[in-house]
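In: Got a predicted structure plus its sequence, pasted below:
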Amino acid sequence: MKAFLSKLMTYKRPASEEGYELLEEDREGKEVETVSREEYKDAGPNENDAARKGREAVRFRGEKDDYHRINENGCVSKIIGINKSRLNDIFSLPQNQDVVVREFNIARKTKAVLVFVDGMADKTVINQFVLPKLMEPVYFTDFSGGDLLEYICENVLPVTQLTKMSDYKSIVVQILNGLSALFIDGCTEALLIESRGFEKRNIDRPVTEQVVRGSQEAFTENLRTNLTLLRRIIKNQKLITEIIPVGKTNKINSAILYIEGITNPGIVREVRRRIKNIDIDFVEGNGMLEQLIEDKPFMIFPQVVSTERPDRAASFLMEGQAVIITEGCPFAMAAPASFFRLFHSSEDASLRWQYGTFLRLIRLVGVVSALLLPGLYVALSLYHIELIPTPLLQSIIRTRANVPFPTIIELLLMEISFELIREAGVRIPGVIGQTIGIIGALILGQVAVSAGIASPMLIIIVAITGLGSFTIPNFSMAISIRVLRYFIIVAGAIAGFYGVFLALSVILALGCNMKSFGVPFFSPIAPKTKANPDVIVRRPVYDQKIRSDAFNAPNRKRAGRAPRKWANDGGGGA
Amino acid sequence: MMLKEGRFGVQETVCLLAITISAKVFFSSPTYVVQIVGSTGWLMTLISAAVTGAVFLSVYTLIRLFPNKNIMDIHSAVCGKTAGSLLSLILSAGLMLTAVINLREFTEVMNVYVLPSSPPIFIIYMFIAVLIVFSYLGLETIARFSKLMAYVLLAGFIFLIVLGIKNYDINNIFPFWGHGFNRTIINGVKRSSAYGELMIIFVIAKSLQGKEHIKKAGILSLIYSGLIISASLLLFSMTFPYYVGQEITAPIYLSSSIIEYGVFFQRIESLFLIIWIVCSLISITASFYISLYINAYVLKLDDKKPLIIPYAVILAVAALLPGNIIQTLNIVENLREYGWILFFIPPLATLFVAKARRMLRSDRHA
């Protein structure tokens, strides 16, 4: 209490509020800017040695936790016994029964230990291509002393990827990722053998972002599969993947993807900086990671765009956004995000521009209905009856005559019932869930009207509102609109249209104040920036020649001056 | 730590200023204009805009002389710290008074036409709550919000003009010179403070990127607001004969209420509430916030947020001071007629002193 009063009565200088801003650069104005590879790297103290060892390599953070002990004396020993006892110590063996430490002799002579995690590594690879080759002396007949590890790499193991490593910190993470580590007596390095082979779900159809026309593939929980799905769409050597483990204890891999020369280096550095500076034990997946890296956690709007579609993630990359994919989650998220991008669907691009524009306008109507319709109904029926034409007003009065509740209670009851049906429909699996949704809504609405609890007009309002919220393609955005609707309803009940428009102004102002990775949420409208003609109304594909200026892409040019050259060359036969 | 207002471009500034200036057309000002000049209000306001444009271009020479400085810095640099601060505080007082009067006028109109059963204090408190939120979010957000809403407001305004076509009568704009040509000119000059909020641009000069942007934004704001106000007054004159028009409290609002297309499409004035409410919100918040900003700047405060709630309380209390709508409208008229003292005299006096000093210096060198 004392602290509260003291806080209330005294002034405390606020910490600097200046967050990350994506500012225009000196190169502004050029269509294509040259960006050196160095600009994508971290500047200052966040840079570590591992980050410099090539972009495709797996990187690790300098950590100060459980592995501190390993860092102090973290190199592989020449003596196999020391290595074995260190592995026992690190993996808590023999209590930990997932980790297999297989001792054997190479060519019946040299002692060696193979370590892997049961279930993460492919036993076929180990049983057929690793152990038999190493144990059989026939494969070592040409060996005449020297570096045994080098000899094995070059002549013995028929495996695609073999890496030598000497520090335990890196070796342990790789073992946990499914690789097998080979320690040999007398060698100061361990050999990491690519043997990943865990169970995974096959590529399936998208569940939350279905389209009529377009790709029918969705991401899976496997990071490597997801990266491959993206690489299949963007076959470009400049597509860079950086893998950063997050979660101090669970060390889940998260991949940052971007296209060098298209994504602004500032965005990449900021995404990397935020992910690297997460200090938390457990990160479950993309959803949790999103909450840990977003700009304003207390803002209701989502600050990244999530998608389960590889084609959509690829379009984000091509637009100059950075894409983050986390192991174990069939979703990718793109940053920065803007309000208008949350209403785009991947189908918009597949359809002809007239159809795409029409669908977007329908979606816009859906959003406005979902947010404002119930609030406007309350305001209209309580404060602005003069606006309702007399025949309609008579009809509303007649149907409301038997309803015992005030309009606001009636509306809130029906809205909450509808939310219950929707939540129940989602939680109950499969067909039953869908059936409950439809039947529940029908029966509830019908019975509510028959019982005189709700008026038919209100059921129509609630139904249109529900349909409107279903048209929003982004799940997080749809939830935020559902929540804000109640704010508008209450404002409408308090002060009619005056309350509704003031509440709407507050919501929009909060949105105007928001930035996603330095990019204003309502860009390219507020602030006005140059944009591809694809914000709300879609122009024909060949007219979409530039990338949005809001993301400050070094290469703003998407197409040549005449994308349809054939139309200008005067050809066409005859 | 210095006071920061973020950065915004020409378009956001134009929207912010044009809306701030034009909002007054939705309330009682058109009625008084008709009372003093008859049917030539649309011309009178263009004269006011031209006078303000001349003042703007004169003051702009100060910005050219002192690049990368706002008007408060320039006041202090030219007139000394004490006199400079005093001049800045006069401008701040003008903006605060504008915010107070606009809030009260808005409240009265809302109370008369939209929420007749609600006490004015309820309307004011709701408005003040939102104003506080906006002020906490800062000027950059207010400017962006203006830009975002400009599309909706413009669409609504055009919709209003088009739907009212049935009610226009070209004969109502006669006599063409209203109560006399000279009267129109004199009142146009006297009431130039209707565009006084344009001086805000010199306060936020540092947020705009370069003096060319200031000039461009200032001129465009003046042109757009002049056109909006003039068009509104012209349509009002065409809708109501001048002898009827001078009896109406909020003529543009009433113009929307008489739109009628069949039994179903009538009494749609409530739909246009979004225009009045959002315009007033932007206008009053901008005036209030800039006034607060000038005070914090002059007093060299690092952070203005602790001042927002106390200043908002002062705004609410001051808005409640006029006893009734008649008193409020009298104050509005006095502000329109003498507001130029608060808005134009401080920068023009500074310009005069700067020029005089320069001439003296050049004489000495000669």
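Out: Sure thing, it's come through. Keep in mind that what you see is a predicted model, and the values were worked out from it rather than measured. Numbering: from 1, shown residues only, chains lettered A, B, ... in the order given.

In: Just list the residues touching A:Ala451, thanks.
Out: Residues near A:Ala451 by CB atoms under 8 Å, 6 or more residues apart in numbering or on different chains: none. (Each C-beta comes from the backbone N, C-alpha and C, glycine too.)

In: From chain B, how far off is it?
Out: Separation of A:Ala451 from chain B (CB to the nearest CB, to the nearest Å): 31 Å.

In: next one: A:Gln303
Out: The separation that A:Gln303 has from chain B, given CB to the nearest CB, amounts to 16 Å.

In: That residue: what secondary structure?
Out: On the three-state scheme (DSSP: H, G, I helix; E, B strand; the rest coil), A:Gln303 is labelled coil.

In: all strands of the chain, in order?
Out: All of this is about chain A. A:99-106, A:110-117, A:162-165, A:180-184, A:190-193, A:239-246, A:252-259, A:305-307, A:322-326, A:332-335, A:515-516, A:519-520 (DSSP state E).

In: not quite, I wanted chain B
Out: B:260-261, B:265-266.

In: quick one: contacts for the nearest residue to A:Ser505 once chain neighbours are set aside?
Out: The spatially closest residue to A:Ser505, leaving aside those adjacent along the chain, is B:Leu281, at 5.6 Å (CB to CB, 6 or more residues apart in numbering or on different chains). Contacts for B:Leu281 were tallied using CB under 8 Å, 6+ apart; they are A:502, A:505, B:127, B:130-131, B:134.

In: And whichever residue of the stretch 1-150 of chain A sits closest to chain B, its phi and psi?
Out: Nearest residue of the stretch 1-150 of chain A to chain B (CB to the nearest CB) works out as A:Tyr11 at 5.7 Å. Phi and psi for A:Tyr11, reported as degrees, to the nearest 10, are phi -100, psi 130.

In: Quick one: residues in contact with stretch B:203-219.
Out: B:5-10, B:13-14, B:17, B:53, B:56, B:60, B:63-64, B:67-72, B:91, B:139-140, B:198, B:201-202, B:290, B:293-294.

In: Can you list the buried residues in that stretch?
Out: Neighbour-count burial for stretch B:203-219 flags B:203-208, B:213-215, B:217-219 (criterion: 16 or more other CB atoms under 10 Å in any protein chain shown).

In: what's A:Phe298 sitting at in phi/psi?
Out: Residue torsions, per degrees, to the nearest 10, at A:Phe298 are phi -90, psi 0.

In: hey, which helix or strand in chain B has the poorest pLDDT?
Out: Lowest on mean pLDDT, DSSP states H and E among the helices and strands of chain B sits strand B:265-266, with a mean of 79.

In: sorry, back to before: just so I know, which of the strands of chain A lies nearest chain B?
Out: Set against chain B and scored by CB to the nearest CB, the strands of chain A come closest in strand A:519-520, at 6.7 Å.

In: low-scoring stretches of the chain, by residue?
Out: In the absence of a named chain, chain A is used. Within chain A, the segments meeting pLDDT under 70 span A:8, A:13-18, A:24-31, A:43-73, A:570-574.

In: you looked at the wrong chain, it should be chain B
Out: B:1-4, B:365-366.

In: Turn the strands of chain B into a markdown table, including distance to A:Pro158 and mean neighbour count.
Out: Below are the strands of chain B laid out as a markdown table (distance: least, CB to CB, whole Å; neighbours: other CB atoms under 10 Å in any protein chain shown):
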| stretch | distance to A:Pro158 | mean neighbour count |
| --- | --- | --- |
| strand B:260-261 | 83 | 12 |
| strand B:265-266 | 80 | 14 |
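
In: out of those, nearest to A:Pro336?
Out: strand B:265-266 (43.0 Å; CB to CB).

In: just to revisit the earlier point, pretty sure the residue of the stretch 1-150 of chain A closest to chain B is in contact with B:Pro306, am I right?
Out: Yes: if you go by CB atoms under 8 Å, A:Tyr11 and B:Pro306 touch, sitting 5.7 Å apart.

In: between the two, who's got more neighbours?
Out: Set A:Tyr11 next to B:Pro306 and count neighbours by other CB atoms under 10 Å in any protein chain shown: B:Pro306 wins out with 13 against 10.

In: Surely that one touches A:Thr10?
Out: No: judged on CB under 8 Å, B:Pro306 makes no contact with A:Thr10 at a distance of 10.1 Å.

In: List the contacts of the residue minimising distance to the centre of chain A.
Out: By CA atoms, centre = their mean, the mean C-alpha position of chain A lies nearest to A:Met333, the distance being 2.1 Å. Contacts for A:Met333 (CB under 8 Å, 6+ apart) come out as A:286, A:289-290, A:304-307, A:323-325.

In: what pairs with it across the strands?
Out: A:Ser306, A:Ile324 (DSSP bridges).

In: Next one: it from A:Met288, what distance?
Out: 11 Å (CB to CB, to the nearest Å).
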